[in-house]
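Participant: Sequence below, structure please.
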Amino acid sequence: MILKEKERTTIQDLQTQEKSCIEKYGRYAQQAKDPELKNLFRTLQQKEREHYESLDRVLRGEVPQCNCNDSDGRDYQPKAAYTAMSSPEDKQQDSFLATDCIATEKLVSGEYNSEVFVFGDSGVRKLLADIQVEEQNHAEMLYKYKTVNGMV
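Facilitator: Numbers count the residues shown, from 1 in each chain. Below you'll find the model as predicted:
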């Protein structure tokens, strides 16, 4: 598969978004107070790495198979860490981190939604649609974390 210039530029822009997410999740995993949230950030960081690598493969001319995973958000069941006796400062910090990441996931998901029709290849469109669903799953997982911890 040979990409047109606009397609190549679009993939590179999406990779920039993914790279930013990878870095953000890495930093936030270090900053989070709750081990559950630290683990969630590490998991999402790995998922974003997979997205980056999939996009890299497209740049090299191959379209990776996608699994159309739409169950991560639905199946995620976080454990509550914060109670009335918990540190309000720690809870506020973790709430900020999770909220910021939800906003980022919404932004990135929107980018995939907007850019999917730049591509003529239906396999690439399917891959981008799959990544968009996964980005929505990430936001759902973060929202569930906030909900179970009384942050919404």
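
Participant: Quick one: list the elements packing against the least confident helix or strand in the chain by mean pLDDT.
Facilitator: Lowest by mean pLDDT, DSSP states H and E among the helices and strands of the chain is helix 72-75, with a mean of 87. Under the contact criterion of 3 or more CB pairs under 8 Å, 6 or more residues apart in numbering; DSSP states H and E, helix 72-75 touches helix 122-148. For the C-beta atoms, the positions are set from N, CA and C on the backbone; glycine is no exception.

Participant: from the chain's centre, how far out does the helix it packs on sit?
Facilitator: 6 Å (CA atoms, centre = their mean, to the nearest Å).

Participant: which other helices and strands contact that helix?
Facilitator: So helix 122-148, by 3+ CB pairs under 8 Å, 6+ apart, packs with helix 35-59, helix 72-75, helix 88-115.

Participant: Quick check: buried residues in it?
Facilitator: 124-128, 130-146, 148 (16 or more other CB atoms under 10 Å).

Participant: tell me the angle it makes with helix 88-115.
Facilitator: With axes from the mean of the first three to the mean of the last three CA atoms, to 10 degrees applied, the angle from helix 122-148 to helix 88-115 works out at 160 degrees.

Participant: could you check the distance from the residue nearest in space to the middle of the chain over to T10?
Facilitator: The chain has E135 as the residue nearest its centroid, 4.3 Å off, counting by CA atoms, centre = their mean. Going from E135 to T10 by CB to CB, to the nearest Å gives 16 Å.

Participant: One more: E36?
Facilitator: From E36 over to T10 the distance is 35 Å, taken as CB to CB.

Participant: out of these two, which sits in the busier spot?
Facilitator: T10 (22 against 17; other CB atoms under 10 Å).
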